[in-house]
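Colleague: Attaching a predicted model along with its sequence, questions to come.
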Amino acid sequence: MNTINPDKLYHSKWTAARPRNKEKHFLVTALERDEEERVVAVILEAVYSHRETRLPWQALKDDATWLMGWR
């Protein structure tokens, strides 16, 4: 399980453990926060296709799906 500080996710790099549609490398382009300024979700942009995906930041903790950095 990846250890993550949600406040430091902006511009972090991630690799999909099981790439789909040639989308392997991703960059966090935005953080979504709640009323109390806590991070609740991230916007990941695929480097290859520039497609954006929104997911809860806790999903990045699953190292069976996401790997830290670009590999």
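Modeller: Here it is on my side, so go on.

Colleague: List the residues that contact Lys22.
Modeller: Going by CB atoms under 8 Å, 6 or more residues apart in numbering, Lys22 touches 48-49. C-beta here means a position set from N, CA and C on the backbone, and glycine is covered the same way.

Colleague: Tell me which stretches of the chain form strands.
Modeller: Ranges of strands within the chain are 13-20, 23-33, 39-46, 52-56, 66-68, based on DSSP state E.

Colleague: Met1 contacts Asp63, correct?
Modeller: Yes: taking contacts as CB atoms under 8 Å, Met1 lies within contact range of Asp63: 6.1 Å.

Colleague: Need the pLDDT of Val28.
Modeller: Val28 carries a pLDDT value of 98.

Colleague: Can you give me every residue that contacts it?
Modeller: With the criterion set at CB under 8 Å, 6+ apart, Val28 makes contact with 9-14, 42-45.

Colleague: Try it again at 6 Å.
Modeller: By CB atoms under 6 Å, 6 or more residues apart in numbering, the residues touching Val28 are 9-10, 12, 42, 44.

Colleague: Check Leu55 too.
Modeller: Neighbours of Leu55 in contact, by CB under 6 Å, 6+ apart: none.

Colleague: beta partners of it?
Modeller: Note on Leu55: beta-bridge partners Val42, judged by DSSP bridges.

Colleague: Against Val42, how distant is it?
Modeller: 6 Å (CB to CB, to the nearest Å).

Colleague: and for these two, which residues touch both?
Modeller: Common neighbours of Leu55 and Val42 (CB under 6 Å, 6+ apart) do not exist.

Colleague: Give the rounded mean pLDDT of stretch 14-21.
Modeller: When pLDDT is averaged over stretch 14-21, the result is 95.
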